[in-house]
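# Build me a structure from this.
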Amino acid sequence: MVNVYDKANELAAIIKQSEEYKEYLKIKDEVYEDEQNKRMIKDYKKLQFEAQAAYMTGQEPKPELMEKIQKMGEVLQFNPKITEFFTAEYRFNSLVSDLYKIIGEACDVGANMFDED
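Numbering: from 1, shown residues only. Predicted structure coming up:
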């Protein structure tokens, strides 16, 4: 009999060995060594979270918030190491998202949600 938790732990170990995860951790450690970079990334993510929270509650984020996000994003783009960090983070998040999708499809979670009866 297959123990699902054992397989989940195996998958976790495999993910930790993936190039996407290793690259993400390496670049994150490098970028976070600089306290200013770390603070700017955290501030930017906090602003993004505020905007997402507004959308999730059915509201439009305030224009001032969106302007802050845009301006901060433009500033961060000029730092090649931060740009590299966001690229690595995106690649790793894509891997995780694909895994969620595979698991969801295997379990029929969310499938046919919008189909007509």
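# Could I get the pLDDT score of the residue nearest the centre of the chain?
Residue closest to the average C-alpha location in the chain (CA atoms, centre = their mean): Asn93, at 4.6 Å. Asn93 carries a pLDDT score of 97 in this model.
# where's it relative to Lys26, distance?
Noted for Asn93: a distance of 16 Å to Lys26, by CB to CB, to the nearest Å. Bear in mind the C-beta positions are built from the backbone N, C-alpha and C, glycine included.
# What is the longest helix seen in the chain packed up against?
Across the chain, the longest stretch assigned as helix under DSSP state H is helix 80-107. With contacts defined as 3 or more CB pairs under 8 Å, 6 or more residues apart in numbering; DSSP states H and E, the secondary structure elements packing on helix 80-107 are helix 4-17, helix 19-32, helix 35-56, helix 63-77.
# Indicate which one of the ones you listed is closest to Ile102.
Ile102 lies closest, by CB to CB, to one member of the helices and strands packed on helix 80-107: helix 4-17, at 10.4 Å.
# Just the CA trace of the closest one, in CSV.
Extracted as CSV, the C-alpha positions of helix 4-17 are listed here (Å, rounded to 0.1, in the frame of the first residue of the first chain):
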residue,chain,number,x,y,z
VAL,A,4,0.8,9.3,0.4
TYR,A,5,2.8,11.2,3.1
ASP,A,6,5.9,9.2,2.3
LYS,A,7,5.5,10.1,-1.4
ALA,A,8,4.9,13.8,-0.5
ASN,A,9,8.1,13.8,1.5
GLU,A,10,9.9,12.2,-1.5
LEU,A,11,8.5,15.0,-3.7
ALA,A,12,9.6,17.6,-1.2
ALA,A,13,13.2,16.2,-1.3
ILE,A,14,13.2,16.1,-5.1
ILE,A,15,12.0,19.8,-5.2
LYS,A,16,14.8,20.8,-2.9
GLN,A,17,17.2,19.2,-5.4
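# List the contacts of it.
In this structure, residues lying in contact with helix 4-17 by CB atoms under 8 Å, 6 or more residues apart in numbering are Tyr21, Leu95, Val96, Leu99.
# Report the mean confidence score over that helix.
Per-residue pLDDT over helix 4-17 has a mean of 96.
# Alright, calling it a day.
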